[in-house]
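Colleague: coordinates only, sequence not included:
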C-alpha cells in the first residue's frame, strides 16, 4: 500500500459563492478514499493544522481545511487574520456552514472520492464540528475539546444565535468526542450535559475523557500537549473513521 501523498493550497467556493483559501492533502495510489473536513482551531489556519491534513493523507484520507478567517484579512498572515476574526466577534455560524458545505462538496467531487466525508475540529473547531454534524450531510464527526456547545442564553450573539446543544435533535451522523478532564471549556460538567443530551435523543456517540489532559492536548507545540492522551486520541479517531468512512 502506497504511503505517498500530495498537498497544496487551493481555492474553493464557500458561503455565498465566495472564493476562499483552503489546504488540500491527498493520498496517492490508494484508489477510492474517504474525505475529511478539517476545521482549524481559534489560533487559525496555521502550520499545525496543515500538518494534521497531511497526517490524514498519509493514512489514506483526502483532507481539506478551509481558511475560515480568509474574509477578515485576505492575503494577511494567518495569525493576523485570526486576530481580526477575534476582534470581529468570530465567524458567524451561517457563514461557517456555507464554507463547510463548500468544502464537503469539493471533497465529494474529487475523482478518487469514495463518497464518504467525515469532519474533525479542535477547540472552536470542535464546536463547529458539532453544528456541522447537526446541519450538513457528513458521515462521521469528531469533536476534539470543542468549547461553547453548552452555553447560557446570555452568551448567544448575532454571530452565534443558537446554542449548538439545542441543535442535537437534528444530528445526522455518529459523533466521537475527545476531551480533557482538566479542561475548563468544555468543562467535565458540560461534557456530561452533552453526553446526556445525545443519549436522550438516541444519537450514536462515544466520548473519551482523559484524566491528565487539559484543553489542547493534541497540539504538540503547545504547553498543554499530553502525549499519552493524544496517542490514544489518534487511536480512537482511526478506529472511528475506519468504521464509518472506510468500511
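Modeller: Perfect, I can see it now. Keep in mind it's a predicted model, so treat the numbers as computed, not measured. Numbers count the residues shown, from 1 in each chain.

Colleague: what comes up buried for stretch 45-61?
Modeller: For stretch 45-61, the neighbour count (16 or more other C-beta atoms under 10 Å) marks 45-46, 48-50, 52-57, 59-61 as buried. Where C-beta positions appear, they are placed from N, C-alpha and C, glycine not excepted.

Colleague: Distance from that stretch to the middle of the chain?
Modeller: From the chain centre to the centre of stretch 45-61 is a distance of 12 Å (C-alpha atoms, centre = their mean, to the nearest Å).

Colleague: who's in contact with the helix or strand of the chain with the lowest mean pLDDT?
Modeller: Every helix and strand of the chain was ranked by mean pLDDT, DSSP states H and E. The lowest is helix 78-87, at a mean of 75. With C-beta atoms under 8 Å, 6 or more residues apart in numbering as the test, helix 78-87 has contacts from 42-46, 67-70, 72-73, 76, 91.

Colleague: Break down this protein into its strands, ranges please.
Modeller: Under the criterion DSSP state E, the chain contains strands at 5-13, 19-27, 33-39, 62-66, 113-122, 140-144, 175-180, 205-210.

Colleague: want to throw these into a markdown table with distance to residue 86, mean pLDDT and mean neighbour count?
Modeller: Formatted as a markdown table, these follow (distance: least, C-beta to C-beta, whole Å; pLDDT from 0 to 100; neighbours: other C-beta atoms under 10 Å):
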| stretch | distance to residue 86 | mean pLDDT | mean neighbour count |
| --- | --- | --- | --- |
| strand 5-13 | 23 | 96 | 14 |
| strand 19-27 | 18 | 96 | 21 |
| strand 33-39 | 16 | 98 | 27 |
| strand 62-66 | 18 | 98 | 26 |
| strand 113-122 | 16 | 98 | 23 |
| strand 140-144 | 20 | 98 | 27 |
| strand 175-180 | 22 | 98 | 26 |
| strand 205-210 | 27 | 98 | 17 |
